[in-house]
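S.K.: just a sequence and a predicted model for now, questions to come.
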Amino acid sequence: MMTLPAPAKLNLFLYVTGRRDDGYHNLQTLFQFLDHGDELGFEPAPDGELALGPALPGLAPEQNLIIRAARLLQSKTGCTKGARIHLTKRLPMGGGLGGGSSDAATTLVALNRLWRLGLTLPQLARLGLQLGADVPVFIHGQAAFAEGVGERLTPATPPEPWYLVLNPGVEVATAAVFQDPALPRSSPVLSLEQRLSLPWENDCEALVKKRRPEVAKLLGWLLEYAPSRMTGTGACVFASFNSREAAENVLAKAPPGSQGFVAKGCNRSPLQTALAVLDRGPSSDKKDQAAMA
Ligand SMILES: C[C@](O)(CO)[C@H](O)COP(=O)(O)OP(=O)(O)OC[C@H]1O[C@@H](n2ccc(N)nc2=O)[C@H](O)[C@@H]1O
Ligand SMILES: Nc1ncnc2c1ncn2[C@@H]1O[C@H](COP(=O)(O)OP(=O)(O)OP(=O)(O)O)[C@@H](O)[C@H]1O
């Protein structure tokens with residue numbers, strides 16, 4: 001079984017700079033990964049068979065981005081191989097942590113290896129974009145300033161603090177936020193340097209706080225302890241700390257009904273780190289040990 005992580009992302013800032021003719025929005029956002037997320041296991045299966053378990057409540061397997069990613073890869077390459085996929089779901093759905101997109105990205109990268117298709121990361125990222133605006137950054141696996149709908153990526157190296165992520169327990173549909181007439185859509189297009197030097201904000205935050213009092217309440221609570229924001233289109237909120245211990249101390253006091261976790265910000269995706277370990281293989285570990293002895 002090939003086991004690989006599907007990490008969460010945070011949008012450290014998120015500005016909406018305009019609406020395109022197709023209804024999608026141009027953004028300027030800073031993506032960073034977390035060392036916390038879902039986990040996927042992949043095993044070969046015959047005759048193009050695709051099986052996924054356990055099922056996610058309320059989501060038919062054919063709608064799951066994991067199966068959609070696998071089918072897309074089969075149809076684009078004509079591959080007739082199959083896979084059995086095991087999903088350990090840890091990320092809240094509709095939480096703004098990109099769980100579905102990350103699952104799709106890990107599936108594309110893993111099956112490209114399992115089925116020996118030889119697609120490059122840019123080719124996989126182009127395929128992934130058909131599944132969701134956030135999929136390409138998960139495939140490239142490097143923290144990035146994203147523009148366009150999220151597909152134009154410039155690598156970035158923001159600080160890597162500890163984060164406390166809190167989930168108010170409500171699901172926010174991304175499409176509903178982008179369709180809302182009250183969403184501000186005219187932030188200026190600035191350079192990465194300008195964006196980094198200005199305060200980091202999220203253009204969706206005020207609207208979601210208004211529509212979802214649970215988000216407003218939790219963010220208000222968290223702001224008492226540390227600088228805090230919403231990620232993506234919500235509903236999760238996050239605050240940064242200098243140490244794991246400081247973040248865990250605040251988690252221990254979190255209001256009843258909220259759920260959360262502490263994780264480290266990573267500019268290199270845990271998926272890339274796991275793939276590098278796979279590539280090195282057990283034999284090169286032994287060689288390293290021998291070289292160090
Ligand atoms: C807002 C972010 O979370 C920032 O990371 C993402 O850009 C959202 O990415 P995602 O969940 O992969 O979104 P998609 O599945 O591609 O799109 C969901 C819906 O959100 C809207 N949408 C999404 C991304 C974008 N740049 N403009 C949009 O208007 C579209 O109505 C779309 O139908
Ligand atoms: N493997 C999957 N994991 C989670 N959601 C999935 C998956 N496949 C399909 N979905 C659908 O996608 C929707 C959004 O899920 P996701 O967890 O990616 O939201 P999100 O964290 O808000 O993402 P983003 O920040 O990219 O908007 C879910 O409500 C669900 O209907």
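M.R.: Cool, got the structure. Ligands and ions are numbered 1, 2, ... in the order given.
S.K.: the helix or strand encompassing Leu207 vs ligand 1: in contact?
M.R.: Applying DSSP states H and E as the criterion places Leu207 in helix 205-211. No - Helix 205-211 lies out of reach of ligand 1 by Cβ under 6 Å from any ligand atom, never closer than 11.1 Å. Where C-beta positions appear, they are placed from N, C-alpha and C, glycine not excepted.
S.K.: who are the packing partners of that helix?
M.R.: Counting contacts by 3 or more Cβ pairs under 8 Å, 6 or more residues apart in numbering; DSSP states H and E, helix 205-211 packs against helix 213-223, strand 228-230.
S.K.: may I see the buried residues of the first one?
M.R.: In this case it means helix 213-223. Taking 16 or more other Cβ atoms under 10 Å as the basis for neighbour counts, the residues of helix 213-223 that come out buried are 214-216, 218-219, 221-222.
S.K.: ok, residues contacting the helix holding Leu207?
M.R.: Residues from elsewhere that reach helix 205-211, judged by Cβ atoms under 8 Å, 6 or more residues apart in numbering: 172, 177, 180, 182-184, 215-216, 219, 229-230, 233-235.
S.K.: one more: stretch 184-194?
M.R.: So stretch 184-194 is in contact with 15-19, 25-26, 28, 145, 147, 154, 156, 198, 203, 206-207, going by Cβ under 8 Å, 6+ apart.
S.K.: and it, what's buried?
M.R.: Neighbour-count burial for stretch 184-194 flags Ser187 (criterion: 16+ other Cβ under 10 Å).
S.K.: alpha carbons of that stretch, as PDB, please.
M.R.: As requested, the backbone C-alpha atoms of stretch 184-194 are provided in PDB (Å, rounded to 0.1, in the frame of the first residue of the first chain):
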ATOM      1  CA  PRO A 184     -16.100  43.100  -2.200                       C
ATOM      2  CA  ARG A 185     -14.500  42.400  -5.500                       C
ATOM      3  CA  SER A 186     -12.200  45.300  -6.200                       C
ATOM      4  CA  SER A 187      -9.000  45.000  -4.200                       C
ATOM      5  CA  PRO A 188      -6.100  46.400  -6.200                       C
ATOM      6  CA  VAL A 189      -3.700  44.100  -8.000                       C
ATOM      7  CA  LEU A 190      -0.400  44.500  -6.200                       C
ATOM      8  CA  SER A 191       3.000  42.900  -6.500                       C
ATOM      9  CA  LEU A 192       3.900  40.100  -4.100                       C
ATOM     10  CA  GLU A 193       6.400  42.500  -2.300                       C
ATOM     11  CA  GLN A 194       3.600  45.100  -1.800                       C
END
